[in-house]
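# Got a sequence here, can you build the structure:
(one chain, ligands or ions: 1)
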Amino acid sequence: MKTRKLTRRQAIAVTSAGFAGTFLGVPFRSFGIRNDQQLKTLAINGGDKVHPGSWPQWPYWDQTAEKGILEMFRSGRWWRGSGEYVAEFEKKYAELMGAKRCLATTSGTTALLTALNVLGVDAGDEVIVSPYTFIATYNVIFAQKALPVFADTDPETFLIDPKKIEAKITDRTVAILPVHIYGLPVDMDSINSIAKAHNLKVIEDACQAWLAEYRGKRVGSTGDLGCFSFQNSKHLASGEGGAILGNNEDLMDRCQAYHNCGRPFGKMKPVSGNQYNGMNYRMQQSQALILMSQMSRIEKDNDIRLSNALYLDKNLKEIPGIVPYKLADGATRAVYHMYPFRYIREEFNNVPREKFIRALNAEGIPCGGGYGKQNNEGLIGEQLASKGYKRLFSETRIKQWHEENKLPGNDQLCDQAVTFYQSILLGSKADMDDIVNAISKIYQNRSSLV
Ligand SMILES: Cc1ncc(COP(=O)(O)O)c(C=O)c1O
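Presented below is the predicted three-dimensional model:
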């Protein structure tokens, strides 16, 4: 925390002594200097920041891992075929997540590609997918030359709306790909019962949902296969990396084979030439060692994120125009890769969301606007107009896809979402107060933003 004449918190102790006020239910713990004009003026308009200090940095490095990593590098045993670390990580991650099996991969993208291949998503098939997600979720469907069909988002939960799925099923649909975005669990019972009724596979994109729980069970093993990412920004990070979880031994054997150039695994019978269809998506030993060193922290970190998120939920919902996410039916624990809420500009004197975000950033609170309306982006139009897609799908089907590509819930969410990155949630309760107070300050001064 920077010092001025008095630290901000000392100043509060002095100036708010005897002032036991709350604003819309939020205690004036740091925004308590009510007669300090510099602090009352929005930072974007030249006033003082509510939060002049720093935030927890991400990722962290565990020095105790250094000896093992150096020894492994010096040994020259860098790939998984020459050492035990990747298999050791797989065993530990499966145990942590309560799944029978885990397969480590080079990334979340290659985990998804492996799962799609093993579950038989083929050229000309259709996959129903959440539109509110990172681009990789539907890019992998395009990589299979299959058609991503978006089912609308429930803006309250930020998740695919199970009620919008059945209308999107055609005779080409083979799978549903729900995304536990920001670590918020999808209503998996509804998804699984739709899948069962229509004989579809379920691939969970749990790339942002390590240890999130649905009905007390960790997500990623509540569908047919579940995929995770360990990219640098993630709660469990190794620069790049990914994993697939599953409880079906045959499917997991096939995932192992697919990610290892098609070499048969487990109970798979050797075929002529000894190879099945496959790619090289093998994780390296160094990635596994880093991941194992990070695993010791993730449960404790997630507890801190959860406690801070619940604190924000309670306080932010008291501010008009700030609507925190709602958990989906059956979600018992979220893990907050982002902490999301909706900003209702009408309550803020019609100040555009982008200006609200800039004002909050200026107060020292980093935040962003979440995902865009990707169902309308150029990449999709380009793919659907390509030579290959013209061969695979009739003109009528592509026309119908465009006509049905209307997602009012998702559009609304893309216009309203505001998100805090996960490491912000590793801050102290006083840091969370700063977030609440900065938003309260903007609300109070909303007329000065127009
Ligand atoms: C929801 C989602 N799906 C898939 C991916 C792809 O994972 P990776 O970046 O490890 O390939 C990510 C990564 O950010 C993600 O957030």
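# make it CA atoms for all contacts and neighbour counts henceforth
Noted.
# Get me the contact residues on the stretch 51-200 of the chain for the ligand.
Among all residues of the stretch 51-200 of the chain, those adjacent to the ligand (criterion: CA under 6 Å from any ligand atom) are 107, 108, 109, 133, 134, 136, 137, 181.
# of those, buried ones?
Applying 16 or more other CA atoms under 10 Å to these, the neighbour count classes 107, 108, 109, 133, 134, 137, 181 as buried.
# Can you pull out the low-pLDDT segments for the chain?
Scanning the chain for pLDDT under 70 picks out the ranges 1-36, 38, 274.
# Next one: the nearest residue to residue 98 once chain neighbours are set aside from residue 321, what distance?
Leaving out its chain neighbours, the residue that sits closest to residue 98 by CA to CA, 6 or more residues apart in numbering is residue 218, at 6.7 Å. Remark: distance between residue 218 and residue 321 (CA to CA, to the nearest Å) = 33 Å.
# Now look at stretch 324-342 and say if it contacts the ligand.
No - using CA under 6 Å from any ligand atom, stretch 324-342 stays clear of the ligand, with a minimum separation of 8.9 Å.
# sorry, back to before: who are the neighbours in contact with the residue nearest to residue 98?
Residue 218 makes contacts with 97, 98, 211, 212, as judged by CA atoms under 8 Å, 6 or more residues apart in numbering.
# What does it show for phi and psi?
Its backbone dihedrals place residue 218 at phi -70, psi 130, with angles given as degrees, to the nearest 10.
# buried residues in the top helix by length along the chain?
The residue-count maximum for a helix in the chain (DSSP state H) belongs to helix 285-316. Buried residues in helix 285-316, defined by neighbour count with 16+ other CA under 10 Å: 285-295, 301-302, 304-306, 308-309, 312-313, 315-316.
# Could you do stretch 223-237 as well?
Using 16+ other CA under 10 Å as the burial criterion, the residues of stretch 223-237 that qualify are 223-231, 233-237.
# Ok, stretch 436-450 next?
Neighbour-count burial for stretch 436-450, counted by 16+ other CA under 10 Å, picks out 436, 437, 438, 439, 440, 441, 442, 443, 444, 445, 446, 449.
# what does stretch 68-80 give?
By neighbour count, and taking 16+ other CA under 10 Å as the criterion, the buried residues in stretch 68-80 are 69, 72, 77, 78, 79, 80.
# quick one on the thing from earlier: closest to residue 280 among the buried ones among the residues of the stretch 51-200 of the chain next to the ligand?
Within these, distances to residue 280 taken as CA to CA reach their minimum at residue 107, with 11.6 Å.
# looking at it, that closest one is touching residue 244, isn't it?
No - in this structure, residue 107 is not within contact of residue 244 by CA atoms under 8 Å, at 10.0 Å.
# which neighbours do those two share?
Between them, residue 107 and residue 244 have residue 228 as joint contacts when contacts are counted by CA under 8 Å, 6+ apart.
# Excluding its own residues, what touches the very next helix or strand once past the longest helix of the chain? List them.
Tracing the chain C-terminally past helix 285-316 and defining elements by DSSP states H and E, one meets strand 322-324 next. Surrounding strand 322-324, the residues in contact under the criterion CA under 8 Å, 6+ apart are 313, 316, 317, 340, 341, 342, 343, 344.
# possible to save the residues you listed as CSV with distance to residue 195?
Converted to CSV, these look like this (distance: CA to CA, whole Å):
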residue, distance to residue 195
313, 33
316, 37
317, 35
340, 28
341, 30
342, 30
343, 34
344, 35
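# nearest to the ligand, of the residues you listed?
In terms of CA to the nearest ligand atom, no member of the contacts of strand 322-324 lies closer to the ligand than residue 340, at 14.5 Å.
# For the ligand, give me its nearest residue in the stretch 201-350 of the chain.
Among residues of the stretch 201-350 of the chain, the one nearest the ligand by CA to the nearest ligand atom turns out to be residue 229. It sits 4.1 Å away.
# pretty sure that residue contacts residue 108?
Yes - between residue 229 and residue 108 a contact is recorded at 4.0 Å, counting by CA under 8 Å.
# Quick check: neighbours shared by those two?
207, 241, 242, 243.
# and the first one, which of the three is it?
For residue 207, the reduced secondary structure class is coil; criterion used: DSSP: H, G, I helix; E, B strand; the rest coil.
# was I right about it contacting residue 108?
Yes - counting by CA under 8 Å, residue 207 sits close enough to residue 108 to count as a contact (6.2 Å).
# tell me, what's touching those two both at once?
Common neighbours of residue 207 and residue 108 (criterion: CA under 8 Å, 6+ apart): 227, 228, 229, 230.
# Kindly present those as CSV, with separate columns for distance to residue 157 and secondary structure.
Formatted as CSV, the shared contacts of residue 207 and residue 108 follow (distance: CA to CA, whole Å; DSSP: H, G, I helix; E, B strand; the rest coil):
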residue, distance to residue 157, secondary structure
227, 21, strand
228, 21, strand
229, 22, strand
230, 24, coil
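# any idea which of the residues you listed is closest to residue 163?
If you rank those by distance to residue 163 using CA to CA, residue 227 comes first, at 23.5 Å.
# Point me to the helix or strand that includes the spatially closest residue to the closest one that is not a sequence neighbour.
Spatial nearest neighbour of residue 227, excluding adjacent residues (CA to CA, 6+ apart): residue 244 at 4.6 Å. Assigning secondary structure by DSSP H and E places residue 244 in strand 242-246.
# Ok, residue 342 next?
Element membership for residue 342, per DSSP H and E: strand 338-343.
# C-terminal to that strand, what's the next element?
Note on strand 338-343: by DSSP H and E, the next helix or strand toward the C-terminus is helix 353-362.
# Run the angle between that next one and strand 338-343 for me.
Using axes from the mean of the first three to the mean of the last three CA atoms, to 10 degrees, one finds that helix 353-362 and strand 338-343 are set 130 degrees apart in direction.
# Who are the packing partners of helix 353-362?
Contact analysis of helix 353-362 by 3 or more CA pairs under 8 Å, 6 or more residues apart in numbering; DSSP states H and E lists helix 429-444 as its packing neighbours.
# CA atoms only for stretch 191-201, dumped as PDB, please.
In PDB, the C-alpha atoms belonging to stretch 191-201 read as follows (Å, rounded to 0.1, in the frame of the first residue of the first chain):
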ATOM      1  CA  ILE A 191     -27.800 -31.300 -20.100                       C
ATOM      2  CA  ASN A 192     -27.300 -35.100 -19.400                       C
ATOM      3  CA  SER A 193     -31.000 -35.800 -19.600                       C
ATOM      4  CA  ILE A 194     -31.300 -34.000 -22.900                       C
ATOM      5  CA  ALA A 195     -28.300 -35.900 -24.200                       C
ATOM      6  CA  LYS A 196     -29.700 -39.300 -23.000                       C
ATOM      7  CA  ALA A 197     -33.100 -38.600 -24.600                       C
ATOM      8  CA  HIS A 198     -31.400 -37.800 -28.000                       C
ATOM      9  CA  ASN A 199     -28.500 -40.200 -27.800                       C
ATOM     10  CA  LEU A 200     -25.900 -37.400 -27.700                       C
ATOM     11  CA  LYS A 201     -22.400 -37.300 -26.200                       C
END
